[in-house]
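Novice: this is the structure alone, sequence omitted:
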């Protein structure tokens, strides 16, 4: 199976190696791609593992009726091998529309982690149910529902 992230390699050699723990994403861009792929294959555990502890939800329920179809990286800033912070702007296409966000990432102990996102475009569907362990965030985003 081709990797959902769109780089063109087979899943096991691309984002699958991050999902199994055989490797860690070396950049914010690749972490973003691997997180999109985790949504596409339904790997909530990987999503939580790659979430910064300060914003990580207690519970993450993925909507199994939503099919993630394509990832489009729009822009990126920082997030490279020698950076400690990065920003990736992307459009995640799914069966209910398009989620357009600018996500922030931090490197902690050599590992890139997702911190949070700014929603840039609203769409009509809700794709994930998140219960926050910390302060609420993204409560108005179509991709998140705090419970």
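Specialist: That came through, no problem. Because the structure is predicted, anything quoted here is derived from the model rather than measured.

Novice: only C-alpha atoms from now on, for both contacts and neighbour counts.
Specialist: OK.

Novice: helix, strand or coil: sort out residue 32 for me.
Specialist: Classification of residue 32 using DSSP: H, G, I helix; E, B strand; the rest coil returns helix.

Novice: against residue 112, how distant is the residue lying farthest from the centre of the chain?
Specialist: Distance from the C-alpha centroid of the chain, by CA atoms, centre = their mean, peaks at residue 82 (21.1 Å). Distance, residue 82 to residue 112, using CA to CA, to the nearest Å: 12 Å.

Novice: residue 93 now?
Specialist: Relative to residue 112, and taking CA to CA, residue 93 is found at 23 Å.

Novice: give me the more crowded residue out of those two.
Specialist: residue 112 (29 against 17; other CA atoms under 10 Å).

Novice: shouldn't that one be within a strand?
Specialist: Yes. Residue 112 forms part of a strand when assessed by three-state DSSP.

Novice: right, and it touches residue 23 too?
Specialist: No. Taking contacts as CA atoms under 8 Å, residue 112 lies outside contact range of residue 23: 11.9 Å.

Novice: contacts only, for the most centrally placed residue in the chain.
Specialist: Compute the mean C-alpha point of the chain, and by CA atoms, centre = their mean the closest residue is residue 35, 3.6 Å away. Counting by CA atoms under 8 Å, 6 or more residues apart in numbering, residue 35 makes contact with 46, 47, 50.
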